[in-house]
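[1] Below are the sequence and a predicted model for it; my questions follow.
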Amino acid sequence: MSLINDALKQARQSQQPNPPSGQPPLRPVEPARRGVADWLLPVAVVALAGAAAFFIGLALVKHKPATVAKASEISTTQPAAPAIVASAVVLATNAPTTSNTVAKAPPSSSGMKLQGVVYGEKSWAIVDGKTVYVGDSVGGFRVKEITSNGITLVSPDGSEQKLGLGE
């Protein structure tokens, strides 16, 4: 064991001490300072989410579905269409008979075009560029029903007409 100790002493004595280098010692890394970019992105995301929620809520509140009570109010508040009685006089001649009574033609849905249907819990349709729900009026007609591929319209005189997609 003394031989080992002697060898270690000689090794220590033969080593030259390392002088310190001319560079200063390394400093510890400091955490980066917090800037505007760290909080700007979360604030912008929250603001955009709030604006989106506001506009979606506004769109949903704009049109409420018609209720049964509202439909009955519509039918009771509208005056009944007056019955027009035209009498014709039959003459013994071959001349055509004429009448001075002018009947108002009921509105026609032939000019209207169904452009789209969104069918679901709260169905709606687009007729001539106007968004309509059940109970709304379009072109003198009231929307009675919206199906997956068409709508049913009721005229003021009570007759029903159907508009389908692609017609």
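    Everything's here; your move.

[2] where in the chain is pLDDT low?
    16-21, 63-110 (pLDDT under 70).

[3] Contacts only, for Val154.
    Shown in contact with Val154 (CB atoms under 8 Å, 6 or more residues apart in numbering): Phe141, Arg142, Lys144, Glu160. Quick note: C-beta positions are derived from backbone N, CA and C, even for glycine.

[4] of these, closest to Leu58?
    Leu58 lies nearest to Arg142 out of the contacts of Val154, by CB to CB, at 25.4 Å.

[5] so which helix or strand takes in that closest one?
    If you go by DSSP states H and E, Arg142 is part of strand 141-146.

[6] who's in contact with that strand?
    Applying CB under 8 Å, 6+ apart, the contact partners of strand 141-146 are 74, 107, 109, 112, 117, 119, 123-125, 132-137, 151-155, 160-161.

[7] Kindly supply the PyMOL command isolating those of those residues that are buried.
    Filtering the contacts of strand 141-146 down to the buried ones (16 or more other CB atoms under 10 Å) takes a single PyMOL command:
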select buried, resi 107+109+112+117+123+124+125+132+134+135+136+151+152+153+154+155+161
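
[8] Tell me which of the contacts of strand 141-146 fall in strands.
    Among the contacts of strand 141-146, the members found in strands (DSSP state E) are Val117, Trp124, Ala125, Val132, Ser137, Ile151, Thr152, Leu153, Val154, Glu160, Gln161.

[9] Please, which helix or strand holds Ala44?
    Judged by DSSP H and E, Ala44 forms part of helix 36-62.

[10] returning to what we had before: and the ones in strands among the contacts of strand 141-146 as CSV, adding distance to Asp6?
    Converted to CSV, the ones in strands among the contacts of strand 141-146 look like this (distance: CB to CB, whole Å):
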residue, distance to Asp6
Val117, 102
Trp124, 101
Ala125, 105
Val132, 107
Ser137, 114
Ile151, 109
Thr152, 113
Leu153, 115
Val154, 117
Glu160, 118
Gln161, 118
